[in-house]
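> Provide a 3D model corresponding to the input given below.
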Amino acid sequence: MDRVEGPHGRHYETPLGTFPSVTTILKATADDRGLTWWRGKPRFDEPEPEDEIPEPVSRVMDFARARTAQRALKDPEKIRREATERGNKLHEAIERRLDGEVWRPTAEWKAEHPWRASVEPFVRRIEEVHGIETPVLNSIGYAGTVDLVARVDGRVTIVDWKTAAKRKAESFLGDYRLQGVAYLAAWNEMVRHGLIDAPFATHCAIVVAYEKRVADDFWVLPESLPALGREWAQRVAKFQTL
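Numbering: from 1, shown residues only. Prediction:
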C-alpha cells in the first residue's frame, strides 16, 4: 500500500480504494478543533497573544515557568516537530534492535541513548516478532501502519511506541487506545483473509518512553475491546460524513 501525505492528513492507496489513516480519522473527529482542521479552516496556526497565560495559573507559576509556557504557546509547531523527530529516531533504533542490533545497557550506553534505555526493559520482554511497521487496512474504510506486532509476555500484542517529556498517567492515553484497537481490528481482518501469515492479536500495548526513566506500558485487554471497537466504528462513521 502506498502512503500519501496531503493537506487533510495521511491516506493510503489500497486494493479497496483510497482510505484515510487511523490518525487522520482520530484527529478529524476528536472535537471541534479537529473538524476545523479537516475542513481546511486552520485555527491551530493562529498566533497566540504573547501574555496569554491563564490567570489562575500565572498566580502560582514562578517567572521561569511562565516564560517556558509562553514559549510553548508561541511555537507549538516546533514542539510537535521535535517530538516527531524524537519518535522517528526511537522507532528506527527499535527496528534495528529487533533486527539483531545489540544493545549493551551499561551506564555509559544509557547516558548516550536515554530513549533507547527507557524502552529496553520492555524490548527484552518480546518473545517473537510477527510484524514491524506493517501496513494494514480494514474494509470499513481505513488503513494505517502498525509499529510492532509481537508476542509479549505470552500475548500476541499490537505495540504502539510513544515518547513524552514527562511521565504520563493512564488518563493521558485518550485516543491512543482507539488507535491500538483500530490496528488490532485491521491486523486481525487481514489475518482472517490470509493476507498476513501470522496469529491473531489479542492485546494492545501503548509503550511511553521517557528521557530519564523506564518506559510505562499501558495495556488494552481483551475485555475492553468490544466497547472500544464500537467507539472506533462510530468515529469512522463520523469521519465518512464530513
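> Could you pick out the longest helix of this protein?
Determined from DSSP state H, the single longest helix within the chain is helix 76-98.
> Which other helices and strands does it contact?
Here helix 76-98 touches helix 114-123, strand 126-138, strand 142-152, strand 155-163, going by 3 or more C-beta pairs under 8 Å, 6 or more residues apart in numbering; DSSP states H and E. From N, CA and C alone the C-beta is placed, and that goes for glycine too.
> redo that, cut-off 7 Å
Other helices and strands packing on helix 76-98, by 3 or more C-beta pairs under 7 Å, 6 or more residues apart in numbering; DSSP states H and E, are helix 114-123, strand 126-138, strand 155-163.
> which strands and helices sit next to the shortest one?
What it means is strand 155-163. Looks like strand 155-163 contacts helix 76-98, strand 142-152, helix 176-192, strand 203-209 (3+ C-beta pairs under 7 Å, 6+ apart).
> Report the buried residues of the third one.
Which is helix 176-192. Buried residues in helix 176-192, counted by 16 or more other C-beta atoms under 10 Å: 176-191.
> Which secondary structure elements does it sit against?
helix 22-29, strand 126-138, strand 142-152, strand 155-163, strand 203-209, strand 216-220, helix 225-240.
> For the ones you listed, please prepare CSV with the additional fields distance to Glu13, mean pLDDT and mean neighbour count.
CSV is the format used below for the helices and strands packed on helix 176-192 (distance: least, C-beta to C-beta, whole Å; pLDDT from 0 to 100; neighbours: other C-beta atoms under 10 Å):
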stretch, distance to Glu13, mean pLDDT, mean neighbour count
helix 22-29, 14, 95, 23
strand 126-138, 10, 96, 18
strand 142-152, 9, 97, 23
strand 155-163, 23, 96, 22
strand 203-209, 26, 96, 23
strand 216-220, 29, 96, 19
helix 225-240, 18, 96, 15
